[in-house]
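Engineer: sequence and computational prediction follow.
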Amino acid sequence: MTATESSGARKVILLLQGPSSPFLQYVGISLEKYNVKVRRILLCLGDRVFWSLPADWYRGKFCDWANFLAEYIKKHSVTDILMLGDGRPYHKQAIRVANDLGIRIHILEHGYLRPNWLTVEPDGMTSRSKFPRDPERILRLAKCFSATTHEPAVVWKDSFFRYAIQDLAFNLPNALLGWVFHRCYQPYAPVSPLIEYSGWGLKLLKLPLTRLIARKKIGRLTERLSTKGRMLFLFPLQLSGDYQIRVHSELGNQYDYVLKVMESFAKHCPQNADLLFKVHPLDNGLFPWKREISKISRRLDVADRVHVLDGGDLDKILSLCSGVITINSTVGLSALQRGVAVITLGNAIYDIQGLSYQGDLKNFWNAPMAPQRALIDAFTKLLQATIQVKGSFVAPLGIKIGAANVADRVVNQYPILHRLPSKPRHISFPVGRFD
């Protein structure tokens with residue numbers, strides 16, 4: 001308990017960057033209903049687009065950000081900080097400052113569970129998560145909560161068109177006017193938004209053809225797998241700029257993982273197995289995954305057993321799979337919930353004995369082990385009860401529901417997890433998963 005808590009002082013919650021949508025403003029409005037003082041620091045014009053409440057600006061150099069933030073926290077008696085993700089440069093610095101000053105941290109992200117769920121958890125995500133990794137503890141803690149369904153009672157569907165418009169609204173002011181209003185701002189994206197949109201424009205033009213090709217490929221794979229004893233392994237590609245790869249994986253580069261997986265597949269996987277790479281639905285198409293994977297597969301003499309799919313029904317694909325190889329994608333958790341064997345190559349919150357495969361990739365190809373049903377049910381229930389809330393960053397109804405749920409979780413603490421000690425964690429990665 002902090003000095004502020006023990007004295008009964010009013011909470012002061014500082015909001016940093018959020019998703020490219022009105023979500024964070026709704027969170028601010030919801031927090032004020034709890035008699036919480038809400039403060040906001042804007043770092044760029046994109047932040048202002050989705051925020052009309054009072055706010056402070058930071059236009060200084062990135063190297064001065066940590067000192068500015070430390071003084072700001074002291075001046076305004078900040079008790080908590082809420083931010084989207086723990087990998088953005090400004091947010092990484094904020095976490096260090098908050099840890100030094102004993103300020104509570106709340107990390108907001110897309111849900112570990114999909115769809116219609118959001119993540120809000122203390123301290124950090126994935127490698128830094130306080131969520132337990134011990135299977136016995138998960139089974140025991142899950143009994144403290146009543147059973148919940150895997151889907152929210154109220155369901156909405158996120159619109160890609162709305163997502164794209166909101167992303168444009170955030171990035172275009174930065175790209176066109178940032179040099180005037182915040183010339184020292186350090187963007188978090190690995191490539192320019194304008195380059196990103198050029199890739200998306202071409203991808204959208206080809207979308208009808210891409211969907212048709214995906215349906216036909218899945219049909220051919222289904223027919224191929226009808227042969228008795230034939231297996232399919234799925235590697236779901238993540239976004240190349242995903243901080244889950246850049247921060248929470250040892251190699252930090254998706255291409256290197258793809259190469260190592262393909263080399264292991266060629267060397268150790270039985271001849272009656274195929275390997276399918278599925279491109280992420282939001283991939284901008286700028287990196288030629290199909291061409292590069294085809295080139296590697298020809299060099300390794302496995303071209304007839306390696307496939308690349310852009311699009312397609314994930315549920316259908318998982319129903320065909322004997323196993324999933326992933327860095328730390330949420331597809332891995334979706335696969336576990338369907339009883340499919342999973343091995344993780346980066347740090348994943350579900351990389352737990354009894355859930356994901358704990359051996360090396362060489363043996364996984366030959367003997368993938370399905371998760372324990374009781375443990376995955378307990379794991380899902382405990383996730384929902386602690387660090388998952390119903391909501392969306394895109395759909396209007398999901399934004400309103402999600403913002404209210406996030407505010408409630410931040411103010412009223414996280415069931416069970418808030419009793420665990422808060423301290424910085426060292427990032428660790430699975431050892432010995434490759435040959």
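Structural biologist: Yep, it's here.

Engineer: flag the shaky bits of the stretch 51-200 of the chain, pLDDT-wise.
Structural biologist: For the stretch 51-200 of the chain, the stretches with pLDDT under 70 are 147-154.

Engineer: try it again at 50.
Structural biologist: 149-150, 152 (pLDDT under 50).

Engineer: mind listing the strands for the chain?
Structural biologist: 12-15, 37-42, 56-57, 80-84, 104-110, 117-122, 231-236, 273-279, 306-310, 323-326, 341-344, 388-390 (DSSP state E).

Engineer: pipe these into TSV and attach mean neighbour count and distance to N253 per row.
Structural biologist: Where C-beta positions appear, they are placed from N, C-alpha and C, glycine not excepted. What follows is the strands of the chain, written out as TSV (neighbours: other CB atoms under 10 Å; distance: least, CB to CB, whole Å):
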stretch	mean neighbour count	distance to N253
strand 12-15	23	32
strand 37-42	20	31
strand 56-57	12	35
strand 80-84	23	23
strand 104-110	22	21
strand 117-122	24	24
strand 231-236	23	15
strand 273-279	22	16
strand 306-310	21	18
strand 323-326	26	15
strand 341-344	25	16
strand 388-390	21	29
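
Engineer: and these as TSV, adding distance to F161?
Structural biologist: Formatted as TSV, the strands of the chain follow (distance: least, CB to CB, whole Å):
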stretch	distance to F161
strand 12-15	27
strand 37-42	26
strand 56-57	31
strand 80-84	22
strand 104-110	18
strand 117-122	21
strand 231-236	24
strand 273-279	20
strand 306-310	19
strand 323-326	28
strand 341-344	32
strand 388-390	23
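
Engineer: out of these, nearest to R220?
Structural biologist: Proximity to R220 (CB to CB) singles out strand 306-310 among those, at 8.8 Å.

Engineer: and the closest one, how far out from the chain's middle?
Structural biologist: 23 Å (CA atoms, centre = their mean, to the nearest Å).

Engineer: show me the contact partners of that strand.
Structural biologist: 210, 213-214, 217-218, 221, 262, 265, 274-279, 283, 289-290, 293-294, 297, 317 (CB atoms under 8 Å, 6 or more residues apart in numbering).

Engineer: wait, V49 sits on N171?
Structural biologist: No. With contact defined as CB atoms under 8 Å, V49 does not count as touching N171 (9.6 Å).

Engineer: higher neighbour count, the two?
Structural biologist: Shown here are V49 and N171; by other CB atoms under 10 Å, N171 has more neighbours (23 against 20).

Engineer: run the chain-centre distance for whichever helix in the chain runs longest.
Structural biologist: Counting by DSSP state H, the longest helix found in the chain is helix 160-181. Put simply, helix 160-181 sits 22 Å off its chain's centre (CA atoms, centre = their mean).

Engineer: spit out the contact partners of R133.
Structural biologist: Residues in contact with R133 (CB under 8 Å, 6+ apart) are D351, I352.

Engineer: any idea how far D377 is from it?
Structural biologist: 17 Å (CB to CB, to the nearest Å).

Engineer: same thing with L24?
Structural biologist: 33 Å.

Engineer: looking at these two, which is more packed in?
Structural biologist: Comparing L24 with D377 by neighbour count (other CB under 10 Å), the higher total belongs to L24, at 27 against 16.
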